[in-house]
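>>> predicted model follows, preceded by the sequence.
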Amino acid sequence: MIAHALAVIGNKRLGKELNSERAALIALYHDSTEIITGDMPTPVKYYNSEMQGAFKEIEKLAANRLLNMLPEDIKEEYYPLYFPKEGEAYLWKLVKAADKLSALVKCIQEEKMGNMEFASAKETIEESLLDMELKEVEIFMGEFLPSYYKTLDELK
(Lines give C-alpha, C1' and ligand atoms only; values in the text may rest on other atoms or scores of the structure.)
Protein backbone atom coordinates (compact mmCIF):
# COMPACT_ATOMS: atom_id res chain seq x y z
CA MET A 1 0.00 0.00 0.00
CA ILE A 2 2.84 2.39 0.78
CA ALA A 3 4.58 1.64 -2.54
CA HIS A 4 1.32 2.43 -4.32
CA ALA A 5 0.96 5.66 -2.33
CA LEU A 6 4.52 6.74 -3.18
CA ALA A 7 3.87 6.21 -6.89
CA VAL A 8 0.58 8.11 -6.67
CA ILE A 9 2.38 10.98 -4.91
CA GLY A 10 4.99 10.95 -7.67
CA ASN A 11 2.29 11.14 -10.32
CA LYS A 12 -0.06 13.66 -8.72
CA ARG A 13 2.39 15.93 -6.92
CA LEU A 14 5.55 15.63 -8.99
CA GLY A 15 4.19 15.17 -12.50
CA LYS A 16 5.72 11.74 -13.01
CA GLU A 17 4.24 8.87 -15.00
CA LEU A 18 4.73 5.94 -12.65
CA ASN A 19 2.65 2.78 -12.76
CA SER A 20 1.25 2.77 -9.25
CA GLU A 21 -0.48 -0.59 -9.72
CA ARG A 22 2.82 -2.15 -10.80
CA ALA A 23 4.53 -0.64 -7.75
CA ALA A 24 1.94 -2.31 -5.52
CA LEU A 25 2.40 -5.66 -7.25
CA ILE A 26 6.20 -5.55 -7.04
CA ALA A 27 5.89 -4.65 -3.35
CA LEU A 28 3.52 -7.57 -2.80
CA TYR A 29 6.12 -10.03 -4.10
CA HIS A 30 9.32 -8.34 -2.92
CA ASP A 31 9.82 -10.44 0.22
CA SER A 32 8.53 -13.72 -1.17
CA THR A 33 12.09 -15.02 -1.65
CA GLU A 34 12.24 -15.20 2.15
CA ILE A 35 10.16 -18.36 1.82
CA ILE A 36 13.46 -19.94 0.80
CA THR A 37 16.09 -17.73 2.44
CA GLY A 38 14.35 -16.85 5.68
CA ASP A 39 14.32 -13.27 6.92
CA MET A 40 17.84 -11.93 7.25
CA PRO A 41 18.12 -9.08 9.78
CA THR A 42 18.99 -5.75 8.16
CA PRO A 43 22.17 -5.20 10.21
CA VAL A 44 23.47 -8.55 8.94
CA LYS A 45 22.44 -7.92 5.31
CA TYR A 46 24.15 -4.55 5.21
CA TYR A 47 27.10 -5.27 7.51
CA ASN A 48 29.54 -4.60 4.66
CA SER A 49 29.57 -4.55 0.87
CA GLU A 50 30.77 -8.16 0.69
CA MET A 51 27.90 -9.37 2.85
CA GLN A 52 25.44 -7.22 0.90
CA GLY A 53 26.68 -8.66 -2.41
CA ALA A 54 26.45 -12.21 -1.08
CA PHE A 55 22.92 -11.66 0.14
CA LYS A 56 21.85 -10.15 -3.21
CA GLU A 57 23.16 -13.27 -4.92
CA ILE A 58 21.26 -15.49 -2.46
CA GLU A 59 18.07 -13.52 -3.14
CA LYS A 60 18.62 -13.90 -6.89
CA LEU A 61 19.08 -17.66 -6.52
CA ALA A 62 15.95 -17.88 -4.37
CA ALA A 63 13.94 -15.88 -6.92
CA ASN A 64 15.08 -18.17 -9.71
CA ARG A 65 14.22 -21.22 -7.62
CA LEU A 66 10.70 -19.89 -7.03
CA LEU A 67 10.31 -19.10 -10.72
CA ASN A 68 11.49 -22.58 -11.68
CA MET A 69 8.72 -24.07 -9.55
CA LEU A 70 6.11 -22.45 -11.81
CA PRO A 71 4.64 -24.04 -14.92
CA GLU A 72 6.47 -22.88 -18.06
CA ASP A 73 3.43 -21.16 -19.58
CA ILE A 74 3.04 -18.68 -16.69
CA LYS A 75 6.65 -18.25 -15.55
CA GLU A 76 7.20 -15.24 -17.82
CA GLU A 77 4.39 -13.36 -16.04
CA TYR A 78 6.21 -13.62 -12.71
CA TYR A 79 9.80 -12.98 -13.83
CA PRO A 80 9.36 -9.17 -13.87
CA LEU A 81 8.11 -9.29 -10.27
CA TYR A 82 11.52 -10.53 -9.15
CA PHE A 83 13.80 -8.82 -11.67
CA PRO A 84 13.29 -5.22 -12.83
CA LYS A 85 12.27 -4.54 -16.41
CA GLU A 86 14.29 -1.99 -18.31
CA GLY A 87 13.30 1.51 -17.26
CA GLU A 88 11.82 0.44 -13.92
CA ALA A 89 14.77 1.21 -11.66
CA TYR A 90 13.01 4.23 -10.12
CA LEU A 91 9.85 2.25 -9.40
CA TRP A 92 11.90 -0.46 -7.67
CA LYS A 93 13.65 2.25 -5.64
CA LEU A 94 10.23 3.47 -4.48
CA VAL A 95 9.33 -0.10 -3.48
CA LYS A 96 12.54 -0.29 -1.44
CA ALA A 97 11.63 3.03 0.20
CA ALA A 98 8.13 1.72 0.95
CA ASP A 99 9.68 -1.29 2.69
CA LYS A 100 11.76 1.04 4.84
CA LEU A 101 8.72 3.21 5.58
CA SER A 102 6.85 0.11 6.68
CA ALA A 103 9.72 -0.72 9.05
CA LEU A 104 9.61 2.85 10.35
CA VAL A 105 5.87 2.52 11.03
CA LYS A 106 6.61 -0.67 12.98
CA CYS A 107 9.16 1.21 15.09
CA ILE A 108 6.64 3.99 15.77
CA GLN A 109 4.00 1.44 16.81
CA GLU A 110 6.43 -0.28 19.17
CA GLU A 111 7.43 3.04 20.75
CA LYS A 112 3.76 3.94 21.22
CA MET A 113 3.36 0.69 23.18
CA GLY A 114 6.26 1.67 25.42
CA ASN A 115 8.89 -0.54 23.79
CA MET A 116 11.97 1.66 23.50
CA GLU A 117 14.04 -1.17 21.97
CA PHE A 118 13.12 0.24 18.55
CA ALA A 119 14.37 3.82 19.14
CA SER A 120 17.78 3.26 17.60
CA ALA A 121 16.35 1.36 14.64
CA LYS A 122 13.84 4.17 14.10
CA GLU A 123 16.63 6.75 13.87
CA THR A 124 18.66 4.60 11.50
CA ILE A 125 15.67 3.96 9.23
CA GLU A 126 14.71 7.65 9.16
CA GLU A 127 18.29 8.54 8.15
CA SER A 128 18.40 5.89 5.44
CA LEU A 129 15.08 7.11 4.03
CA LEU A 130 16.31 10.70 3.86
CA ASP A 131 19.56 9.49 2.27
CA MET A 132 17.51 7.99 -0.58
CA GLU A 133 16.67 11.57 -1.62
CA LEU A 134 13.24 10.69 -2.97
CA LYS A 135 10.79 13.58 -2.98
CA GLU A 136 7.89 11.12 -2.75
CA VAL A 137 9.31 9.82 0.54
CA GLU A 138 9.77 13.33 1.92
CA ILE A 139 6.14 14.14 1.09
CA PHE A 140 4.89 10.88 2.65
CA MET A 141 6.95 11.44 5.80
CA GLY A 142 5.76 15.03 6.10
CA GLU A 143 2.08 14.48 5.42
CA PHE A 144 1.23 10.90 6.34
CA LEU A 145 3.75 9.73 8.92
CA PRO A 146 2.46 12.05 11.68
CA SER A 147 -0.85 10.16 11.73
CA TYR A 148 0.97 6.99 12.82
CA TYR A 149 1.83 8.75 16.09
CA LYS A 150 -1.84 9.35 16.87
CA THR A 151 -4.30 7.17 18.71
CA LEU A 152 -7.43 5.90 16.97
CA ASP A 153 -9.45 8.54 18.82
CA GLU A 154 -7.17 11.29 17.52
CA LEU A 155 -7.62 10.23 13.89
CA LYS A 156 -10.54 12.27 12.64
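It's in.

>>> what's next to the strand or helix carrying Ile108, contact-wise?
If you go by DSSP states H and E, Ile108 is part of helix 89-112. By C-beta atoms under 8 Å, 6 or more residues apart in numbering, the surrounding residues in contact with helix 89-112 are 2-3, 5-7, 10, 18-19, 22-23, 26-27, 30-31, 42, 84, 117-119, 121-122, 125-126, 128-129, 132, 134, 136-137, 140-141, 145, 148-149. For the C-beta atoms, the positions are set from N, CA and C on the backbone; glycine is no exception.

>>> buried ones in that helix?
Using 16 or more other C-beta atoms under 10 Å as the test for burial, helix 89-112 gives 90-98, 100-101, 103-105, 107-108, 110.

>>> buried residues in the next helix or strand after it, which are they?
Past helix 89-112, further along toward the C-terminus, the next helix or strand under DSSP H and E is helix 119-131. Residues of helix 119-131 classed as buried by neighbour count (16+ other C-beta under 10 Å): 121-122, 124-126, 128-129.

>>> just how off-centre is helix 119-131 within its chain?
14 Å (C-alpha atoms, centre = their mean, to the nearest Å).
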